[in-house]
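Trainee: Just need the structure, nothing else, for what follows:
(chains A, B, C and D)
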4 protein chains.
Amino acid sequence: MKLSDITGPFNRDKDDSQKENDLGFGTGMTTSGQRLINRDGSFNIIRRGLAAWRPYQSLVEMPWAHFLLVVTLFYIVTNALFAAAFVFIGVESLSGVQASLTVWGDFASAFFFSVQTFTTVGYGAISPMSPGANLVASVVALVGLLSFALATGLLFARFSQPKASILFSDKAVVRPYKDTPYNSFQFQVVNRRNNRLINLVAKVSMSWVENLNGEKIRRFAMLELEREQIFLFPLNWVIVHIINKDSPLWGKTEAEIRAMEPEFIALIQGYDETFAQDVHANSSYTCDEIFWNRRFERMYYPDKDGQTILELERVHRIVALEEEE
Amino acid sequence: MKLSDITGPFNRDKDDSQKENDLGFGTGMTTSGQRLINRDGSFNIIRRGLAAWRPYQSLVEMPWAHFLLVVTLFYIVTNALFAAAFVFIGVESLSGVQASLTVWGDFASAFFFSVQTFTTVGYGAISPMSPGANLVASVVALVGLLSFALATGLLFARFSQPKASILFSDKAVVRPYKDTPYNSFQFQVVNRRNNRLINLVAKVSMSWVENLNGEKIRRFAMLELEREQIFLFPLNWVIVHIINKDSPLWGKTEAEIRAMEPEFIALIQGYDETFAQDVHANSSYTCDEIFWNRRFERMYYPDKDGQTILELERVHRIVALEEEE
Amino acid sequence: MKLSDITGPFNRDKDDSQKENDLGFGTGMTTSGQRLINRDGSFNIIRRGLAAWRPYQSLVEMPWAHFLLVVTLFYIVTNALFAAAFVFIGVESLSGVQASLTVWGDFASAFFFSVQTFTTVGYGAISPMSPGANLVASVVALVGLLSFALATGLLFARFSQPKASILFSDKAVVRPYKDTPYNSFQFQVVNRRNNRLINLVAKVSMSWVENLNGEKIRRFAMLELEREQIFLFPLNWVIVHIINKDSPLWGKTEAEIRAMEPEFIALIQGYDETFAQDVHANSSYTCDEIFWNRRFERMYYPDKDGQTILELERVHRIVALEEEE
Amino acid sequence: MKLSDITGPFNRDKDDSQKENDLGFGTGMTTSGQRLINRDGSFNIIRRGLAAWRPYQSLVEMPWAHFLLVVTLFYIVTNALFAAAFVFIGVESLSGVQASLTVWGDFASAFFFSVQTFTTVGYGAISPMSPGANLVASVVALVGLLSFALATGLLFARFSQPKASILFSDKAVVRPYKDTPYNSFQFQVVNRRNNRLINLVAKVSMSWVENLNGEKIRRFAMLELEREQIFLFPLNWVIVHIINKDSPLWGKTEAEIRAMEPEFIALIQGYDETFAQDVHANSSYTCDEIFWNRRFERMYYPDKDGQTILELERVHRIVALEEEE
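Mentor: Residues are numbered from 1 along each chain as shown, chains lettered A, B, ... in the order given. Sure thing, here's the model as predicted:
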């Protein structure tokens, strides 16, 4: 790569790129000191008021433990309601129910009969005799089947939600860019799985605090990358922002950069062949996670058969620059 | 942003952009005074003649109440038909059916037996004895299972249809653009949910009435936006059309603009991580919903812990320009 | 639209556009006189040899009658095989089976018992007694459930396959383009449904026969369109190719064009909100379907309430140019 | 195609295209002599350490035999666990269980009862009597239904995974490009199915070994193609890289190219109408699979009715250049 590659493209279409640079954070964000994007990629923002209640999405997004709890509660409550209906009709219209002295005994029989119908097991040891009981049982079976149809869809949606298995390095580094006089900001990503992610695209933006007329305001800019796209993702990918004249970090010392309270926000998008869909991952780096004059350790090496081995846990390892590469 | 940002890009590729400007409404649309796009984004057009009947899509698109009604009717009618078949064969080929004096008693027994088979509950209190009854029961069970397979697919399709939770402000404003001599047309959108919408793109077009040789014709044009795309959508997004020389609103007073009977049609597209798909939302603004010299109230503020709070109901609130920002 | 719009863009990037013009038909195609693309959009080509057998795709693509036949046959054959297994074990290990004098009577009982297990109806009038019969029954139930799981997926895939409801006019016309000296080739499309198709893109290419050194070869070219994209698709869309200097039809009379044996191949792509996916439609026009000096009748009009009515069956109607528009 | 088509576009935007040329393999890859991409398109790399365990994806990606084994094992183990629970409660709380002298007899009865409940067959010959047995049976039915809901989703995901039916020629050729003084690298692909693949895009890159300061390093570059995209894919597609001044193969003899240990990596992407999704296929060619001064035999011909026949097995056939075309 020649120097013109470094300085050239960054000056092109400056206005256009700025027009598209907005990350969606207003310029009026208070400089709260809290990070804008959590390390897991979620926004550090609380929504109040007309927040949409979407039961399906909630059921897809909630943790597994909550989901199983909701399913179990729905199973118990629904059958309890139907059991109450059978008790109301009279359990004598159900054949095979043992005589019970208490209403709770009747309720238990009706509950288990409802479960047997709801799940369509239908042993038949208890079965509806009267038209009324038959009618309620028909409703129970329909509701049961539709409920499990819904559960099927929810389970599928939960499992098949495309989650990228992209691992971000937990640290970023600032180091000279190759043999150029330029510094660069670098972090790396790696695919934790053997499946194929293709056509990966990276976008990195930076947010920092600026002193404008005595007031601290938070600014945002997209950072130009040495390479925005790779076609295959077999190994690790070091994402490099060259700190040239167009960079908000240009000409700044480590202390000056730290004073800017910078947050680097990274988005990776790619096509996942298992999900047959685009997947997205994002993360952010604040000053505490940036190390000066370090580089990432090489993650792969050939074993004795010439086979390439990729050590995933090395994604987080940085070494001093002096160490030989 | 410099003035060149405002006037520059708008003159570029004018022919190209116009080529792509067609919204799909012909120029021969009568100026009916009715809006073209309803506020919920649907077209105000009636289709007659060869309209395609697509049962699956209809079942996916119809309201929930209709859908549940269709399912219930299908359940009743199908089982009634099978019950008729069992009555035709003779209910004596079903063991466990109580002697009944009327054909309606037989039909009721056959109906509930059909339901028990259709839902695969199969208590066994009634069961098929003759080969004929067994054959019909085999068909009932197959039809039942395929029906519920279909219902599973429909429920999944209904629920997983990606609906953007994007809320449009119910008003638009016309106000000076920042510190420039230009006016601007603005409205805003906000995400009602906490999930991530990324890579949002906005397109805004305008339709207005023009007097051509004494005949009123309706014209359309895409509007250039200050910013067409944002990468993240954590807060509200104010979409701004700067009224410069290339705008159809250029140099027009409020009265003149009202006389144009304008309708602003907005489309927002973005990638929704829960649905793992692109979602779309659109809306439109007519003159009654546009306010001059107002601005949108700020929707977010830091709470005492520095946490950013976004008040969703403020999306509709506008204030006079004099009030301090 | 000025004349520069007509002649301008067509000369631009000529080499580039030609590079991308290949439709995927080789130049060595024999001029068989048969059309390359059938009117329903399928290729008029027979594939021999290593053709891939993909059972799932075949089951998704086959007509509904075939699909239901395959399902029914599978249901009968599978249960017949399991019935044979029960007969082999001995029907006396199934309680409730009536004594039968013939093996066919045993087989019938075993068959219906298998059906009751496969569909998980399980009346219980017949039930497995011996460990062997219980084991086979366990397999039947598992196979049955997995079969219906598969059927659920297939039904969903069949129904949810995005089929664009785009209707192509069955005729194309050649007529002067607006008030210009240029001729144009035009056809139109309309959405048969009320759902929203957005971001429609059209691509039109042409194939014709050319006499090269006494040998007739078939050539292909993409045609430049007046407008390649529309954002909304509420009404009909007339797709227009202006016959200017860059068109293969430039300067040709009707007779000369007919001698070229042209075939116009059209592809339309758009985003369908019901399917939440891109849908595609294509069609082709040969000389018999092209009419000179005709125009399409207007498809929409306002009713007495000012509501716009779109008459879908008018998509095929053309009228002589002299008739007033 | 004029010579300017050959030399022109390749010099354009050289820096830009190189910026995007990275295939995702680092330059530090050892020259192990092993191929980087296996012929089936998978990476020849072993991942160690933090490799993500994703049960759903594993179940979707594993071979069918493994999948069916996992399903069967899960079915047996789960029911065995529930059988143990019933034995623990006491089989006397299950009506219809024959007296058994051994615990294994009890276990067998409980196991088959569990299976009948898990699959919701529920014959009723055995049915739960005590509240405890009823409670366990309710859990069994719920777990069974959820398990089959999951299996439905897995089967659907397995079958509907879009696998392109694109067949790569097992050989590549180097031959003069048409009537130009340039050589070219060519391979071909064909669709094995009759379904429609549209908007196909090809990307080809090359990896080779270079001697830098006495050290052998592996380099990568994207190759410019004569044609990157075709709209329809009815026949075979010969993908052609013209070896001009910008090619890493420029001016090299066969022996010199073989000494470079080249590997050509090909990616094809297209939209599959059956899957309604983009599909991807890739492959690679090493020196052993490249033949000089050969061409691909024509794969299609008209039969006596003028119908075009495509012989798929000819995709691999090459012939000497002297043979007439």
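Trainee: Backbone dihedrals for whatever residue of the stretch 151-300 of chain A ends up closest to chain B, both of them.
Mentor: Using C-beta to the nearest C-beta, the closest approach of the stretch 151-300 of chain A to chain B is made by A:G153 at 3.4 Å. Every C-beta, even on glycine, is put in place using the N, C-alpha and C of the backbone. Per-residue torsions, A:G153: phi -60, psi -40 (degrees, to the nearest 10).
Trainee: which non-adjacent residue is nearest it?
Mentor: Spatially, and ignoring its direct neighbours in sequence, A:G153 is nearest to B:F156 (3.4 Å; C-beta to C-beta, 6 or more residues apart in numbering or on different chains).
Trainee: So that neighbour sits against A:R158, correct?
Mentor: No. Counting by C-beta atoms under 8 Å, B:F156 sits too far from A:R158 to count as a contact (11.9 Å).
Trainee: out of these two, which sits in the more crowded spot?
Mentor: Neighbours of B:F156 and A:R158, each counted by other C-beta atoms under 10 Å in any protein chain shown, are more numerous for B:F156; the result is 24 against 17.
Trainee: Three-state assignment for the more buried one, please.
Mentor: Of the three states, B:F156 takes helix according to DSSP: H, G, I helix; E, B strand; the rest coil.
Trainee: which residues touch it?
Mentor: Contacts here follow C-beta atoms under 8 Å, 6 or more residues apart in numbering or on different chains; on that basis B:F156 touches A:149, A:152-153, A:156-157, C:156.
Trainee: would you turn these into TSV with distance to D:I198 and pLDDT?
Mentor: Conversion of those to TSV gives the following (distance: C-beta to C-beta, whole Å; pLDDT from 0 to 100):
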residue	distance to D:I198	pLDDT
A:A149	34	92
A:T152	32	90
A:G153	30	89
A:F156	28	86
A:A157	28	84
C:F156	23	86
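Trainee: Among these, pick out the one closest to D:S284, please.
Mentor: A:F156 (34.7 Å; C-beta to C-beta).
Trainee: ok, the closest one to D:V173 distance?
Mentor: Per C-beta to C-beta, to the nearest Å, A:F156 is found 46 Å from D:V173.
Trainee: In the stretch 151-300 of chain A, what residue comes closest to chain C?
Mentor: Closest point on the stretch 151-300 of chain A to chain C, by C-beta to the nearest C-beta, is A:T152, at 7.5 Å.
Trainee: how about that residue, what does it touch?
Mentor: B:152, B:156, C:152, D:149, D:152-153.
Trainee: same thing but 10 Å
Mentor: By C-beta atoms under 10 Å, 6 or more residues apart in numbering or on different chains, the residues touching A:T152 are B:148-149, B:152-153, B:155-156, C:149, C:152, D:145-146, D:148-153, D:156.
Trainee: Without its sequence neighbours, what residue ends up closest to A:F159?
Mentor: D:Y56 (4.2 Å).
Trainee: give me the element that neighbour is part of.
Mentor: helix D:55-61 (DSSP states H and E).
Trainee: same check, this time on A:L310
Mentor: A:L310 is part of strand A:308-311, with elements assigned from DSSP H and E.
Trainee: got the residues of chain A near chain C?
Mentor: A:120-125, A:149, A:152-153, A:156 (C-beta under 10 Å from any C-beta of the partner chain).
Trainee: need the residues you listed in TSV with distance to A:L267, can you?
Mentor: Converted to TSV, those look like this (distance: C-beta to C-beta, whole Å):
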residue	distance to A:L267
A:T120	46
A:V121	49
A:G122	52
A:Y123	55
A:G124	58
A:A125	59
A:A149	36
A:T152	33
A:G153	29
A:F156	27
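Trainee: Next, the contact list for the closest residue to A:A320 other than its chain neighbours, please.
Mentor: Take A:A320 and drop its neighbours on the chain: the residue closest to it by C-beta to C-beta, 6+ apart is A:R294, 6.2 Å away. Each residue near A:R294 by C-beta under 10 Å, 6+ apart is listed here: A:171-175, A:186, A:317-321, A:323.
Trainee: and if you look at A:W250?
Mentor: A:182-183, A:243-244.
Trainee: Export those residues to CSV and append columns for neighbour count.
Mentor: Output for the contacts of A:W250, formatted as CSV (neighbours: other C-beta atoms under 10 Å in any protein chain shown):
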residue, neighbour count
A:Y182, 17
A:N183, 20
A:I243, 21
A:N244, 21
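Trainee: which regions of the stretch 1-150 of chain A lie under the pLDDT threshold?
Mentor: Counting by pLDDT under 70, the stretch 1-150 of chain A contains low-confidence ranges at A:1-37, A:39-42, A:49-53, A:98-100.
Trainee: correct me, but the residue nearest to A:F159 touches A:R158?
Mentor: Yes. Between D:Y56 and A:R158 there is a contact at 8.9 Å, judged by C-beta atoms under 10 Å.
Trainee: any common contacting residues for the two?
Mentor: D:150, D:153.
Trainee: so which strand or helix has A:N211?
Mentor: Using DSSP H and E, A:N211 falls in strand A:197-212.
Trainee: so how far is that strand from its chain's centroid?
Mentor: 18 Å (C-alpha atoms, centre = their mean, to the nearest Å).
Trainee: what do you get for stretch A:157-166?
Mentor: So, by C-alpha atoms, centre = their mean, the centroid of stretch A:157-166 is 8 Å from its chain's centroid.
Trainee: Likewise for stretch A:287-302?
Mentor: 24 Å.
Trainee: Span of that stretch from start to end?
Mentor: 35 Å (C-alpha to C-alpha, to the nearest Å).
Trainee: what comes up buried for it?
Mentor: Within stretch A:287-302, the residues that count as buried by 16 or more other C-beta atoms under 10 Å in any protein chain shown are A:289-290, A:294-296, A:299-300.
Trainee: Can you show me the helices along chain A?
Mentor: Remark: helices assigned in chain A by DSSP state H are A:3-7, A:14-19, A:55-61, A:64-89, A:103-118, A:131-160, A:254-259.
Trainee: will you turn the ones you listed into JSON lines that also has distance to A:E210?
Mentor: Output for the helices of chain A, formatted as JSON lines (distance: least, C-beta to C-beta, whole Å):
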{"stretch": "helix A:3-7", "distance to A:E210": "24"}
{"stretch": "helix A:14-19", "distance to A:E210": "16"}
{"stretch": "helix A:55-61", "distance to A:E210": "36"}
{"stretch": "helix A:64-89", "distance to A:E210": "42"}
{"stretch": "helix A:103-118", "distance to A:E210": "62"}
{"stretch": "helix A:131-160", "distance to A:E210": "43"}
{"stretch": "helix A:254-259", "distance to A:E210": "11"}
